[in-house]
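Undergrad: sequence and computational prediction follow.
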Amino acid sequence: MNDRATVIVVGWSPDEFGEAALARAVEEARLRQGRVVVVNATRGDALVDDRYADEDQLARLATELAASGVEVDVRRSMGADVGDQVLAVAGDVSADLIVIGLRRRSPVGKLLMGSVAQRILLGAECAVLAVKPPH
Amino acid sequence: MDSLNLLMDGFGSILTPQNLLFAAIGVLLGTFVGVLPGIGPAMAVALLLPVTYGLDPIPAFIMFAGIYYGGMYGGSTTAILLNTPGESASVMTALEGNLMAKAGRASQALATAAIGSFIAGTIGTMLVAFFAPALASVAVEIGAPSYFALMVLAMVSVTSVLGGSPLRGFIALFLGLTIGLVGLDLNTGQTRLSFDQPLLAGRIDVVVVAVAIFALGEAFWVAAHLRRSPVRIIPVGQPWLSGTDLKRSWGPWLRGTAFGFPFGAIPAGGAEIPTFLSYITEKRLAGRRGQDEFGRGAIEGVAGPEAANNASAAGTFVPLLALGLPVTATSAVMLAAFQGYGIEPGPSLMTDQPELVWALLASLLVGNLLLLVLNLPLAPVWAKLLRIPRPQLYAGILFFATLGAYASNLEAFDLFLLLVLGLLGLLMRRFGLPVLPLILGVILGPLMEFRLREAMAISGGDVSALWSEPLAVVIYVIVALLVIAPIVVRSVRPAPAAVAQDLDLSVDEEEKVR
């Protein structure tokens, strides 16, 4: 470990997957005395995207994070690929760890829809931690 | 009661499984395109114009009527759930509707919009059934000069009254008239504006123009603005109305219908003014009753404008069927569909094609009922449509646009025209030119020229024949007023357009608009 603080990037969306990933990221950050960069990204090509947080959800996120006592930075972005945006932020802050929430997908579903998680796993320069929400 | 009997005959001809299926397809498709902002019933009907080559007129118009009404219903759903009014007519619905949705009353807002649309559409269609034949029987007597004047009135009113900028409107109108001129002069056989291209001499197909302007133009525009911050949709359950809501909605529904129908029925059309009048009337009445919920999600503010919107849409069938004058984009494209069948809409339509007219009116009533039955339970499904990514959606639209443009003549050159006119559509959106005057110019222009030539031929080329009939003179006076009045009003007072966006309407401003 070098002397700079550990940076943990978390791919977050306002749903159970994002919550699970964020909870774990905060836990890891406490453990390693690091800081967390929350990334909330959208392709922005549909009128409605439930995984892109609105003002209320961001405010709630801010209060939750403030209560956790960990140093946090929230970034929102829009681009062709959500996975690439998480990777871009990870590269930007020289992340030591990326935490993502994983959803269950059938092979066919993955074929049709692509997978943000897969994109991050394949493209990440650092360790990637995948968590699943509790049942 | 003659009309009623004829209407019953109309029901007789459309109540077959096949026609009911087309009605159902129409309302579902209409709601689909209405829900998605940017895609409207006009585009849907334009994309479906090629079906007229293979389908009988009656099922085709049943479907188009369904799309027309369905589109309006879909538009109000988006206005309420997203606060993104797809068209100017649902701006007023969005004001209170979205506030209601935010206050957790989305279901009631959707329900009052749906039932209000149904009631207004039904009453409006019945009124069409009574007024259109009467108007047509008078209109048969109208001479070519007055007819020409009526067309000028329709164009000028659509261009200068609706929409914010008369200059932009007139630019669009003249672009449309020019496109309508291209090709063979039907009187003399000379070619005009064809640049010696034999393919242009055959006139530009209306299908190509409509598809290019509505579908391609919009697709290019969306492609240029592909990524936009998503908006939050308000979750919605099953629409329903409680007894109190129902009691509060009745009055606004009926008053909205009363505002909407006359505005649709006069060839000056448009749903902006009646929805606005309905909104401020309901607000004032609520204030007088001392239970003013406006600004916090008043159900009256959804019920009234939504009824006015639909009644005015029904009203536009009066000039369309009795005079052959369309005043909305969708009815303009429907006029093109009539022409596709070789049917000339106008005063003689009622006597020449009675089965078609009455079947169309009956199908409007059936479509309205289907909308109510289908859409109340389906509202949550429609809300899901807003999650469709634009690339997939517009790829589908471009596919059908290209197919339609090619199918009309099986001519590759039409695809080139489609592209060129599509770019024109993009530029029009870029510079804020309204689409309706252009489409009206393309479709009505040749008809207008025909009347002008007719009047000139009768008078032996004497221009004064154009104002030789009293009716024509009266219409020209109205046209002059329509052109001059906004200029005068604007120079005296600031434009009222901004008032509509302002939630805090003061009484002062309301007076100004009236």
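TA: That came in fine, so what should we check first?
Undergrad: C-terminal to the helix or strand of chain A with the lowest mean pLDDT, what's the next element?
TA: Taking mean pLDDT, DSSP states H and E as the measure, chain A has helix A:107-113 as its least confident helix or strand, at a mean of 62. The helix or strand immediately downstream of helix A:107-113 is helix A:116-123, counting by DSSP states H and E.
Undergrad: average pLDDT across that next one?
TA: For helix A:116-123, mean pLDDT rounds to 87.
Undergrad: again, but for stretch B:492-508
TA: For stretch B:492-508, the per-residue pLDDT averages 45.
Undergrad: and if you look at stretch A:63-82?
TA: Averaged over stretch A:63-82, pLDDT sits at 87.
Undergrad: where's B:Trp253 relative to chain A, distance?
TA: Using C-beta to the nearest C-beta, to the nearest Å, B:Trp253 is found at 29 Å from chain A. For glycine as for every other residue, the C-beta is placed from the backbone atoms N, C-alpha and C.
Undergrad: doesn't B:Ala307 make contact with that residue?
TA: Yes. Contact criterion C-beta atoms under 8 Å: B:Trp253 and B:Ala307 qualify, at 4.5 Å.
Undergrad: neighbour count: the two, which is higher?
TA: The neighbour comparison of B:Trp253 against B:Ala307 (other C-beta atoms under 10 Å in any protein chain shown) goes to B:Ala307, with 35 against 27.
Undergrad: please look at that one and B:Phe261 and confirm they touch.
TA: No. Using C-beta under 8 Å, B:Ala307 makes no contact with B:Phe261, being 9.8 Å away.
Undergrad: thought B:Pro446 was touching B:Asp185?
TA: No. Taking C-beta under 8 Å as the definition, B:Pro446 is not a contact partner of B:Asp185, at 9.9 Å.
Undergrad: between those two, who's got more neighbours?
TA: B:Pro446 (18 against 14).
Undergrad: give me the nearest residue to the more buried one, chain neighbours excluded.
TA: Counting by C-beta to C-beta, 6 or more residues apart in numbering or on different chains, B:Gly180 is the residue found nearest to B:Pro446 once chain neighbours are left out, at 5.2 Å.
Undergrad: next, count neighbours for the one you found.
TA: 24.
Undergrad: what residues does chain A put near chain B?
TA: A:42-50, A:52, A:54, A:78-79 (C-beta under 8 Å from any C-beta of the partner chain).
Undergrad: any quick ChimeraX command for the buried ones out of those residues?
TA: Buried subset of the residues of chain A next to chain B, written as a ChimeraX selection, criterion 16 or more other C-beta atoms under 10 Å in any protein chain shown:
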select /A:42,43,44,45,46,47,48,49,50,52,78
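Undergrad: now the residues of chain A next to chain B as JSON lines including secondary structure?
TA: Shown next, in JSON lines, are the residues of chain A next to chain B (DSSP: H, G, I helix; E, B strand; the rest coil):
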{"residue": "A:Thr42", "secondary structure": "strand"}
{"residue": "A:Arg43", "secondary structure": "coil"}
{"residue": "A:Gly44", "secondary structure": "coil"}
{"residue": "A:Asp45", "secondary structure": "coil"}
{"residue": "A:Ala46", "secondary structure": "coil"}
{"residue": "A:Leu47", "secondary structure": "coil"}
{"residue": "A:Val48", "secondary structure": "coil"}
{"residue": "A:Asp49", "secondary structure": "coil"}
{"residue": "A:Asp50", "secondary structure": "coil"}
{"residue": "A:Tyr52", "secondary structure": "coil"}
{"residue": "A:Asp54", "secondary structure": "coil"}
{"residue": "A:Met78", "secondary structure": "strand"}
{"residue": "A:Gly79", "secondary structure": "coil"}
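Undergrad: helices of chain A, start to end?
TA: For chain A, the helices defined by DSSP state H cover A:16-32, A:55-68, A:82-92, A:107-113, A:116-123.
Undergrad: kindly report the same for the stretch 151-300 of chain B.
TA: B:166-181, B:198-201, B:206-211, B:217-224, B:243-265, B:272-289, B:300-315 (DSSP state H, counting those that start in this stretch).
Undergrad: least reliable of those by average pLDDT, please.
TA: helix B:198-201 (a mean of 83).
Undergrad: could you export that helix as CSV, CA atoms only?
TA: Output in CSV follows, covering the C-alpha atoms of helix B:198-201 (Å, rounded to 0.1, in the frame of the first residue of the first chain):
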residue,chain,number,x,y,z
PRO,B,198,-39.0,13.8,-65.5
LEU,B,199,-39.3,12.2,-62.0
LEU,B,200,-40.2,15.5,-60.5
ALA,B,201,-42.7,16.2,-63.2
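Undergrad: so what secondary structure elements neighbour it?
TA: Packing partners of helix B:198-201 (3 or more C-beta pairs under 8 Å, 6 or more residues apart in numbering or on different chains; DSSP states H and E): strand B:183-184.
Undergrad: give the rounded mean pLDDT of the strand it packs on.
TA: 84.
Undergrad: re the thing from before, closest to A:Leu61 among the residues of chain A next to chain B?
TA: The nearest member of those to A:Leu61, counting by C-beta to C-beta, is A:Asp54 at 10.8 Å.
Undergrad: how many neighbours does B:Trp467 have?
TA: 14.
Undergrad: read off the pLDDT value for the nearest residue to it once chain neighbours are set aside.
TA: Nearest-residue entry for B:Trp467: B:Val473, 5.3 Å, with adjacent residues in sequence omitted and distances by C-beta to C-beta, 6+ apart. Per-residue confidence (pLDDT) for B:Val473: 91.
Undergrad: did I read that right, B:Gly74 in a helix?
TA: Yes. Under the criterion used here (three-state DSSP), B:Gly74 sits inside a helix.
Undergrad: quick one on the thing from earlier: shared neighbours, B:Trp253 and B:Ala307?
TA: Residues touching both B:Trp253 and B:Ala307 (C-beta atoms under 8 Å, 6 or more residues apart in numbering or on different chains): B:116, B:119-120.
Undergrad: farthest pair in the residues of chain A next to chain B?
TA: Across the residues of chain A next to chain B, the longest distance by C-beta to C-beta is 18.9 Å; it joins A:Asp54 and A:Gly79.
Undergrad: just list the residues touching B:Met126, thanks.
TA: B:Leu365.
Undergrad: what residues does stretch A:51-66 touch?
TA: The contact list for stretch A:51-66 (C-beta under 8 Å, 6+ apart) reads A:12-15, A:18, A:22, A:26, A:36, A:38, A:40-42, A:44, A:72, A:74, A:76, B:229-230, B:232.
Undergrad: leaving out chain neighbours, which residue sits closest to B:Gln238?
TA: Closest residue to B:Gln238 apart from its sequence neighbours, by C-beta to C-beta, 6+ apart: B:Ser107 at 6.3 Å.
Undergrad: what's across from the residue lying closest to A:Ile100 once chain neighbours are set aside in the sheet?
TA: Spatial nearest neighbour of A:Ile100, chain neighbours left out: A:Gly11 (4.5 Å); criterion: C-beta to C-beta, 6+ apart. When assigned by DSSP bridges, A:Gly11 has beta-bridge partners A:Val39.
Undergrad: my read is that A:Gly11 contacts A:Gly101, right?
TA: Yes. Using C-beta under 8 Å, A:Gly11 makes contact with A:Gly101 at a distance of 7.1 Å.
Undergrad: overlap in contacts of the two?
TA: With C-beta under 8 Å, 6+ apart as the test, A:Gly11 and A:Gly101 both reach A:18, A:21.
Undergrad: re the thing from before, B:Ser278: which of the helices of chain A is closest?
TA: helix A:55-68 (31.9 Å).
Undergrad: from the middle of its chain, how far away would that closest one be?
TA: 15 Å (C-alpha atoms, centre = their mean, to the nearest Å).
Undergrad: what angle do helix A:16-32 and that helix make with each other?
TA: Taking axes from the mean of the first three to the mean of the last three C-alpha atoms, to 10 degrees, one finds helix A:55-68 and helix A:16-32 inclined to each other by 20 degrees.
Undergrad: which parts of chain B are strands?
TA: B:183-184, B:191-192 (DSSP state E).
Undergrad: what about the closest residue to B:Gln339 other than its chain neighbours, how many residues nearby?
TA: Leaving aside its chain neighbours, B:Gln339 sits nearest to B:Val206 (7.0 Å; criterion: C-beta to C-beta, 6+ apart). The tally of other residues near B:Val206 (other C-beta under 10 Å) stands at 24.
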